[in-house]
Every structure is written in structure tokens, then in C-alpha cells.
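[1] Here is my input, please return the structure:
(chains A, B and C)
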Amino acid sequence: MSSSDSDLTALTAAELADKLASGETTSVEVTQAFLDRIDSLDGELHSFLHVDHDGAKAAAVDVDARRGAGESFPSLAGVPIAVKDLLCTVGQPTTCGSRILEGWQPPYDATVVSRLRRAGMPILGKTNLDEFAMGSSTEHSAYGPTRNPWDTDRTPGGSGGGSAAAVAARLAPVAVGTDTGGSIRQPGALTGTVGVKPTYGGVSRYGIVAMASSLDQAGPVTRTVLDAALLHEIIGGHDPMDSTSLDAPVPGIVEAARRGDVSGLRIGVVKELGGEGFQSGVQARFEESVAMLTEAGATVVEVSCPSFAQALATYYLVMPSEVSSNLARFDAMRYGLRVFPEGVGDPSAEQVMAATRDAGFGDEVKRRIILGTYALSSGYYDAYYGSAQKVRALVARDFDRAFEQADVLVSPTAPTTAFKMGEKLDDPMAMYLQDVATIPANLAGIPGLSLPAGLAEDGLPVGVQFLAPLQADDRLYNAAAALERMLLDKWGGPLLAPLATTSEVPA
Amino acid sequence: MTMTAPALVDFDEALTRYEPVMGLEVHVELNTATKMFCGCPAVFGGEPNTNVCPVCLGLPGALPVVNEKAVESAIRIGLALNCEIAEWCRFARKNYFYPDMPKNFQTSQYDEPIAFDGWMDVELDGETYRVEIERAHMEEDTGKSSHMGGATGRIHGADYSLLDYNRAGIPLIEIVTRPIFVPGDKAPAVARAYVQQLRDLILALDVSDARMDQGSLRADVNLSLRPVGVSTLGTRTETKNVNSFRSVERAVRYEISRHAAILDDGGLILQETRHFHEDTGTTSSGREKSDADDYRYFPEPDLAPVAPSREWVESLRATLPEPPGERRRRLQGEWGFSDLEMRDTVGAGALDLVAATIASGAPAAAARKWWLSELARRANEQGVDLAALPITPADVAAIQKLVEAGSINDKLARQVFDGVLAGEGTPDEVVQKRGLAVVSDEGALSSAVDRAIEANPDVADKIRAGKVAAAGALIGAVMKEMRGQADAGRVRELIISKLT
Amino acid sequence: MPDSPPDITRDDVAHLAGLARIQLDDAELERLAPELQKILESVATVSEALEGAGDVAPMSHPTPITNVFRKDEVTPCLTPGQALAGAPASEGQRFLVPKILGEE
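    Numbering: from 1, shown residues only, chains lettered A, B, ... in the order given. Modelled structure (predicted):
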């Protein structure tokens, strides 16, 4: 093994950026170190669906050359990154973890991807996910599950288990995920990484394959709060290609992440997001976090959001309805898989569409499409979709009221630590409950952040979630940075997944 | 079993027992530079799949952004139809699978149209019929499929289809009337006049080229019958493929006769889509309405609601052209047409053609004459609308100028029309290519006149004696020799100057 | 509002699958019916949150932005090669698909 390479993968993105800026290392060295680590460890984890050795190295050579020529870059130039395989990338396949898009090469880059390229960040590859981001364990990927680097018999959460596992195992310093009901934050909690879902509209959705358009939001997956802020700053901001993109500057998130001062901050504990149904070790780490924030000068109030009792039900009506429409385009006509029905001579386009959608979609995707078709169909619209949209408004109203009493809200991110592979696969409702604490933020569009808060009694990581009002993402970074600093002091360093300490990288 | 033509009841007889109720849905393709939701050119034709991008191809991840000009056009159409303009409205997704629709949903508007509750006064034979407009909303066009038959070398010799998405995403405005109740005998003509006058309005707004023959204005005709004296509406059929004003009228007539025959027989009208056939003037069954028509509309989450400010709406109102009724009255005064002449002009769908011809320099009477006689006859022979003839008002004005200059006469002008309509070029080019110009070579004319005088000494003497009216016989002889290609007036002048 | 949803039968699932253009086989239909029933029973409670809430405007968009428009200006298109690169089949620069039945 090469000690300098393993040192590089242990650094945070901010630290790597400093070394790159000072010339202590090069993007080629850094990128190679991560590619080597992927080659040696990802066979077991399966966090990547595609690794782009050549493209990443070429981008690293390019950024080194331009830096050598005196060009100045944003903060993370030269730092490599992993991208969830839900984002369109020219030159790499985009499969969404689905057979229906196996091998599809998009002719265009997602706006987030363009911004990463422009910022000089080599893209290591595309990370695994539940098919079309539908799931909470990454077991619904058509290409096989990702394993949790803390315990490879367990899932890393989902849908963004690939990005979270890759960052937790130091196969990438940072990654991009997407969060529709918790797909960045819940895997963050289950793998001991930082995950941020920005304010809806804060990061462009253009080129991100839609699951539920009114809920989807891309965001950073990192090991530190500062890294998340640095990445968020690069990918965020207005995009005229996305009509729901907010035409406002990204709030001062990097400055907030560096500040980390909660004195005088009002922190609201959401009564409905904790207690019953939450694992005791999860609840214990959460309560310790709140106590630490209090010691650091924050005032704590309890807030109640009664409509959250129906947030999960609301989500499981709104989301599948949008899914049923968004996924209609996968029909074997213009791109992707084409399957001819068995035993039908001379099949029609209609029959080929139906056969392809049966063969190309997995069970969870079909379940949600059928559920959404039902919720939107005539006769049921008012009772299901219509009611759900009203409850959605109530969830937003509950948040508005809570934010009159508190500057940020906190809760455990997920009700449990990482669960065993297969444990919830046959019980959709049990799987859906994983997102009970993360879903309200998606319904209301507000930003949320999950920060590792320690290990539970089972030795697995626990996440604490911070929530802030629309467009007040900086509050998340400020509060989370304060807690992170205190926790790191207490632990004497970052929590490392057992697999992350493996250094089997060939010299 | 052989196909039998459906039974029909004579139109007039049908009206003794039933009242027709019509509804018209007109789709107008806007003339914006770009598509409804992306920056691809919104143009007809072109090489297949050249005007496409991730958005209008429905590629995974692509997102729509509304074309501001299309919203502006929609509001202007709404205002011109005396509609309310929504203070806040959303787009909706209409979900159904069809290969020419890239996303398998159409981005449209559902229960929140941008314009609603309007009306248009349709003038017909000196009467005014108010057609109420239920709504005008924005949506996008589909791509085009071509069905390829009997391909060889394929398993089972299967047919297949080819898809071109150049048209996918071109902005459409759908204008829907409320049920139209007019005296049955007037219904077909009112339907035609509505579509015609709506087209005039669209053209005046300059929001579309509104060509029925090219599909940039499409009309669907809804029709139901109810027994005279009954107030509940009957089951309606929706006839598509109606590609000319004339066809609108014929489709209404045909459906009235067909419905009446079924109802007379005690039968039930199927609620279905029907297709109009231009060649036979009949309709045939398309698709029956069914459960599959559950379109599962819901608000389009990818697009922000449209909330036009009242200032914007009022500024657009200020850009509206003169209302068509007022304009017709003004033009009639300016042109000096009688009521009958004006009615004929409007009825022939020639108002804008005549106006444009006059604007190109022709006198009003001449413009009317050419369009309503010469060209109307040809359009009728070919079964197409006047506007669909391949000749422009500028061409007509140019031909009239040639006549006035004495370069051609009326008889030659007809041949110039033939040439232009046959695609032989501009009027000047046709005159040149066909050698139609009157002979203006004074030498040739003069010797022809001399020969005519010599051959008709009696007539010449009469003229010498002051009977100038006798010149006609000599003129005839000269024209015959010149095979009609001479200016009769000039011939007359020459004869008289030589003999007096 | 149905607090307990109507029973979802195998035929209901088949109808929904038809609307969604998915050719589910018998085993899938049999499995999905009770699964959907269970999910629907748990989401049917959604309207409970509305009791006593008064008039609530349905929320379709999480942020209140309106009037997001683009100027009517042409932007670059894909080349036909790019457009057709992912097509399962093409001919003459067009997407080739099995015969289309029925007409809209």
C-alpha cells in the first residue's frame, strides 16, 4: 500500500482543496487514489454502477494543467466526486438503477453535472440507487444492492445508498444525491455521513430523471458539514432550464458552516418526530445532541406539528401519482429497452410498450405506478390526490407555525439504525416507515440536513436531522457545524466505518 | 358481409323532427419562433427530427419552460374573443399513451384555462349569431407518425410506423365553444361562418398563419340532435379531420342526416370520435369513448402557475386589432361595396384576400371581381377554400396592374391566373413564359391595321365619313390577326387616326 | 371520503395496469391486489388530518413562484444523430416503432 494515497482518501474535500490549491498534491494523484480504492473495495460494497476511470483521469489532467497555467477555480476544483445514477451524464451511462434504461447514454448533461464539470471536479462514476430512486435500502436496484460499509450484511439505506456508502467508505470524498422523501438524509444517517436536502428549487432538477417532480431535490453527500456547504454552493443557484428553480442567490451557507455558533439560537424539538417507534439508541443519541446544543447556548422548545401524523400517507399518494406520470415516457419507442411480448405474432406498438414496461420495471416501481394510477383516476382523485394536496398544505402550515417558535427544528433522521439486507423487502409499509421523519420536509419544500450523531447500542451510526424554513439553508449549516464540532471533540475524531479503515489499496 | 352505406335522412326532413346542437373545438397552432416549452424552432416540415431537443423528445430528466410569447398570444386570443383572463391558472398533465407523444402525457390546461367565458358574433346573411366561448387554453402539439405498410423482408411482413418529433411541442391554443343553438337550417352555415370568422380574427391578431389545409387551424365538430320540443341534449359525436371551411359545413349536414336516421330507427347514438372524409363528404366511426379515456389530469408540477398581472392583460388588450364586425363595416364604406357585395365577399371567405389585394394596389371592384368570379370558380372546381389556392393577393394585384397598363387584357389575364396557379411563377414570369403580352410593337400593329383597312374598304369609308362606331369590325379583324394579343384600345386609336 | 377504501380486486389491478400500460402476468396481479389493498388502507387515513382544519387550498407546488417564462428565442437543437442514438430502431432519420393501432 501507498501511505500517501491512503492519506489522501482520508482527507475531507476542504482539506484536499487546500492541498490542491497550494500545489501539495494534484488532482491526478487524488483522483487516482480514489479510483484505486474503488477498484479494491467496491467489489464488496457495490456502491458504483459505473466507474469512469478514463473520464475522471482526463478531467483531473485538465484541471491540473489549467491550474498550472494560472487559471483560478472555485473551492473544490480538482476534488473528485461521485454522482448518483439518476443524473444525466454525457459519456457515461445513466440507468437509474433500472433495466429499462440499461446502457442508455444521455445526449446531455444535467445542470448539476455541468456545474461540477465547470468547477473542475472529476466525476469518478455513477452510484447505485433503488430503481428510479424508489426505496429506502438500495435493494431495489436492478443491478444488485449496495452494502453498508459499517456492516456489509446491512443496507446503507436508500435510495441513495450508493452515494452514501461510497462517501462513508472513502471511495469518494463527496457525492451528489437526490432526496424525494429522505433519499439523501436517511442513507446519511445509516452510513454516518452528512446529507443535505436543500430548499426545493435551490438546486436545479434539469437533467435529473424525475421521480416525483414536486418533491425531488438534489444535494450533497459528504463526511463534513463544511464539505456539504462547499459542494452545495457549486451545484446550487438559479437555472433557467428548471421552471421551479428559485431565482435568488444561495444563502451564505459556506460562511454559516464555518461559523457554527448556536448561542441564542432557538431550537425546536418536533414532538411528532421521535419517541414511539424510534429505536432507543437512536433516541438516546438524539437527546444527547439536543443537550449539547443547549450547553452551547441554544434554547430548546418543543413544537407540535399535528398534521405530520398523516405526512407519510400524504407522501404515499402525492409521490406515486407523480411517479405514474413521470415514468410513462419509458415506453420502448425512443430510447431504452424494447421487449416483444411472448407468443404474440406481429405485436403492435401498444403491446410492445406494455411488455417492455413489465419486463423493464421492478416490483417496487410497478407497485408505485399502479398506486399512483389509482390515486389519480376518475372517481378517486378528490378522495386521494385532492385530499393529499390539502394535507400537504397543512404540513407546510405546521412548519410555518413551528418556525415562529424556533429558528431550526431537530429530530432523529431515521427511526432505526441500518437494517439487515432483506429484512423489509417483503413488507413495503415497514420500508416506507424509514422515511417518516424526513418526508415532511419534502412535502413542504423546506431544507433538511442529517448529521452523524454517534453510534447506537448496536454499534451502528445514528443521524440527527436539522430543518429550516424555505431558503434558510444557512441555518442548517450553522447549527449542524456547531454540533459537529462538539461531537468531534467528544469522539476525538470522525466516526469511521470499519470498511473505511481498510487500506488494501495496492501500491 | 359487404359494407353498406349508413342510412341517411334528408337534411330538411330531419329538421322537421330534430334540433341540432353543435359545439366546435378549434385548435390553432401559434406562429411563435419556438416551441411551447423549449427553444426548438416551431416550424413545419424540415428534415425529420432536426428540430428536437431533450425537452420536446421527452428525454429522461428534461424539464419544460413556458414560452412567454405563447402566453401572450393566448391572452390576446382570449381578449379578442371577449373572454375573462384567469388571474391565476396552472398547466395540467393529460395522461395517455400514444407513440407520437414523447412523454406519454400532454402538457395542457384542464379546469383552469387561461381564458374563459367569452363570445364571438358570427355574421351570416345579414343576421348575427352570438357563439359563446367556454374557454381557450394552452397546450402542445404531438409528433407525426407515418404508417408504413407491407414492408418486405420483415417477420410476417409486418407493418410498422416511423416517428418524427419536429412538430412535438409546437404551441396550440384550443378554443372551445359552449353548445350552439341556432335554427337547424342555419346550423351548417353558422358552423362554417364561425370557423371562417374565427380564422379572420386569428389572422388579424397575427398569432398564427391559420391554414386549415396545413393543419395550423383544425376544427372538431361536435353534434347532437334532440327531438323538437325536448330540452335535454342528445348524445354527441365528435368529428375530426375537418380540413376546410366547406368541410365544416358538410360535416354538420352529414351528421345531422346520419343521427336522424339512427334516431328515427329507435337506435342509440354512440358517443364516439368520427372521421370526416373530404372525398365523399361522409364520416366514419373512429374510436368509442371508453374507460381508457381516464386521463388522470393533475396540476403540472414542473411548471409554475401563470398569473398574468392586470397591467399585462390591459397592455395586451391595447394591441388588439379592430373587432371583425366593426372592421367589416369600415371596409365596406371604404370600398364602396353594396350590402350584397360585402355579404358575398365575406361568405366566400374572401374578405382578407380582397383587403390584401387592395392593399397591394388594386382597385376594390377589381379585387372583388377576380376573387369572387375567376378564383372562386376555380376553388369551387377543386373543392378547396379560396385561401388555399396557390396564389397570393399580391399576385392578383400584379395581374390587375398588367391589365390596367394595357399589357394584357381580361382574356389573357385568365391565362395568367392559370399559369400562376399551375406554379409557373409570378404573373410577370407567366406572361413572359407563355408569351401572353399584348403586341405593343407599333410597326406590327400599324401594318395589321393597314391590312384590315385594305381588306375592308367599305367599312373604312364609313369611318372616313364620320361613322366611328363602325370601327368595331376593323378592330375585330386586327385582334383576330394578332390572336388576341393586342390592346384593343390602342388598335382603335390607330384606326381612327389613320382614317380621319 | 372513503376512510376504508373499496376492496381492490385482481380485475381492478388489471384495469389500472392497462391504464399504466404494464403487461402484468397472473402471478403479479394476484400478488399486487392485496399489497395495494394494504397500502391503500394505510393511506386512506389521509383525510383525517383535514377534519376541523377548515378550508385548505390544495398545494401542488412547494414554493409560491409564478410566471416563469422564457423568451421566444431559438436555442440549439440536438443533431438527428444525437436524437436517434438511443433509439431501439430507426429508419430514414425517424424512430421506427411497431405498427400503431387505433387513432387518437
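[2] quick one: average confidence on stretch B:55-71?
    The pLDDT scores in stretch B:55-71 average 98.
[3] Which positions in that stretch come out as buried?
    When burial is assessed from 16 or more other C-beta atoms under 10 Å in any protein chain shown, stretch B:55-71 yields the following buried residues: B:55-67, B:69-71. For the C-beta atoms, the positions are set from N, CA and C on the backbone; glycine is no exception.
[4] Take these and keep only those in helices.
    Among the buried residues of stretch B:55-71, the members found in helices (DSSP state H) are B:69, B:70, B:71.
[5] what's the burial count for the residue lying closest to the first one once chain neighbours are set aside?
    When you say that, I think you mean residue B:69. The spatially closest residue to residue B:69, leaving aside those adjacent along the chain, is residue C:72, at 3.7 Å (C-beta to C-beta, 6 or more residues apart in numbering or on different chains). One way to gauge burial is a neighbour count; for residue C:72, by other C-beta atoms under 10 Å in any protein chain shown, it gives 19.
[6] How about residue B:271?
    Residue B:271 is surrounded by 14 other residues when neighbours are defined as other C-beta under 10 Å.
[7] Give the full set of residues in contact with it.
    By C-beta atoms under 8 Å, 6 or more residues apart in numbering or on different chains, the residues touching residue B:271 are B:235, B:236, B:237, B:288, B:289.
[8] The strand ranked longest in chain B - contacts with which helices or strands?
    When every strand of chain B is counted residue by residue (DSSP state E), the longest turns out to be strand B:127-140. If you count contacts as 3 or more C-beta pairs under 8 Å, 6 or more residues apart in numbering or on different chains; DSSP states H and E, strand B:127-140 packs onto helix B:68-80, strand B:105-108, strand B:115-124, strand B:171-177, helix B:187-205.
[9] Go through the third one and flag the buried ones.
    Within strand B:115-124, the residues that qualify as buried by neighbour count (16+ other C-beta under 10 Å) are B:115, B:116, B:118, B:120, B:122, B:123, B:124.
[10] What's the end-to-end length of stretch A:317-333?
    28 Å (C-alpha to C-alpha, to the nearest Å).
[11] Give me the distance from that stretch to the chain's centre.
    21 Å (C-alpha atoms, centre = their mean, to the nearest Å).
[12] show me where pLDDT drops low in chain C?
    In the prediction, chain C carries residues with pLDDT under 70 at positions C:1-5, C:102-104.
[13] and the gap between the spatially most central residue of it and chain A?
    The centre of chain C sits closest to residue C:20, judged by C-alpha atoms, centre = their mean, with a distance of 6.9 Å. If you measure residue C:20 against chain A using C-beta to the nearest C-beta, to the nearest Å, the figure is 5 Å.
[14] Spit out the contact partners of residue A:129.
    Residue A:129 sits next to A:84-86, A:96-97, A:138, A:141, A:158-163, A:183 when contact means C-beta under 8 Å, 6+ apart.
[15] about what we covered before: the residue nearest to the centre of chain C and residue A:374, how far apart?
    Separation of residue C:20 from residue A:374 (C-beta to C-beta, to the nearest Å): 9 Å.
[16] now do residue C:68
    Taking C-beta to C-beta as the criterion, residue C:68 is separated from residue A:374 by 31 Å.
[17] Could you do residue B:323 as well?
    Counting by C-beta to C-beta - residue B:323 and residue A:374 are separated by 49 Å.
[18] Output stretch A:238-249 as CSV - backbone C-alpha positions only.
    Extracted as CSV, the C-alpha positions of stretch A:238-249 are listed here (Å, rounded to 0.1, in the frame of the first residue of the first chain):
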residue,chain,number,x,y,z
HIS,A,238,-30.8,29.6,-10.3
ASP,A,239,-31.2,27.6,-13.5
PRO,A,240,-33.4,29.0,-16.3
MET,A,241,-33.9,25.4,-17.6
ASP,A,242,-35.9,24.5,-14.4
SER,A,243,-39.1,26.4,-14.1
THR,A,244,-39.2,25.6,-10.4
SER,A,245,-35.7,26.9,-9.7
LEU,A,246,-35.6,29.8,-7.3
ASP,A,247,-34.3,33.0,-8.8
ALA,A,248,-32.4,34.0,-5.7
PRO,A,249,-28.8,33.8,-4.5
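[19] Report the rounded mean pLDDT for it.
    In this model, stretch A:238-249 has a mean pLDDT of 96.
[20] Is residue A:30 in contact with residue A:77, as I believe?
    No: distance between residue A:30 and residue A:77: 11.0 Å, which falls outside the contact criterion (C-beta atoms under 8 Å).
[21] Who has more neighbours out of those two?
    Neighbours of residue A:30 and residue A:77, each counted by other C-beta under 10 Å, are more numerous for residue A:30; the result is 26 against 22.
[22] right, and the helix or strand after the strand or helix carrying the more buried one?
    The secondary structure element spanning residue A:30 is helix A:27-45 (assigned by DSSP states H and E). Tracing the chain C-terminally past helix A:27-45 and defining elements by DSSP H and E, one meets strand A:48-51 next.
[23] What mean pLDDT does that next one get?
    Taken as a whole, strand A:48-51 has an average pLDDT of 98.
[24] Counting neighbours, which bits of it end up buried?
    A:48, A:49, A:50, A:51.
[25] again, but for stretch B:359-367
    When neighbours are counted by 16+ other C-beta under 10 Å, the buried residues of stretch B:359-367 are found to be B:360, B:362, B:364, B:366, B:367.
[26] quick revisit: and which of the ones in helices among the buried residues of stretch B:55-71 is nearest chain A?
    In terms of C-beta to the nearest C-beta, no member of those lies closer to chain A than residue B:71, at 12.7 Å.
[27] Please name the nearest non-neighbouring residue to the closest one.
    Taking C-beta to C-beta, 6+ apart, and ignoring the residues beside it in sequence, residue B:71 has residue B:306 as its nearest neighbour in space, at 6.1 Å.
[28] State the pLDDT value of the most centrally placed residue in chain A.
    Geometric centre of chain A, nearest residue: residue A:184, 2.3 Å, by C-alpha atoms, centre = their mean. Confidence at residue A:184, expressed as pLDDT, is 98.
[29] swap in the one 5 residues further on?
    You'll see residue A:189 listed with a pLDDT of 98.
[30] so where does it fall, helix or strand?
    Taking DSSP H and E as the definition, residue A:189 sits inside helix A:185-191.
[31] for residue A:115, same thing?
    Under the criterion DSSP H and E, the helix or strand holding residue A:115 is helix A:111-118.
[32] Which positions in that helix come out as buried?
    Buried residues in helix A:111-118, defined by neighbour count with 16+ other C-beta under 10 Å: A:111, A:112, A:113, A:114, A:115, A:116, A:117.
[33] Now the element after that helix, going C-ward?
    Using DSSP H and E, the first helix or strand after helix A:111-118 is strand A:123-127.
[34] tell me, which strand in chain C spans the most residues?
    Counting by DSSP E, the longest strand found in chain C is strand C:94-98.
[35] which outside residues touch it?
    By C-beta under 8 Å, 6+ apart, strand C:94-98 touches A:332-334, A:347-349, A:351-352, B:48-49, B:99, B:145-146, B:158, B:160-165, C:84, C:87, C:89-90.
[36] Drop anything exposed from these.
    Members of the contacts of strand C:94-98 that pass the buried threshold by neighbour count (16+ other C-beta under 10 Å) are listed as A:332-334, A:347-349, A:351-352, B:48-49, B:99, B:145, B:158, B:160-165, C:84, C:87, C:90.
[37] Which ones among those residues map onto helices?
    Secondary structure from DSSP H places A:349, A:351, A:352, C:84 of the buried ones among the contacts of strand C:94-98 in helices.
[38] Pipe those into JSON lines and attach distance to chain B per row.
    Compiled in JSON lines, those are given as follows (distance: C-beta to the nearest C-beta, whole Å):
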{"residue": "A:349", "distance to chain B": "5"}
{"residue": "A:351", "distance to chain B": "12"}
{"residue": "A:352", "distance to chain B": "10"}
{"residue": "C:84", "distance to chain B": "6"}
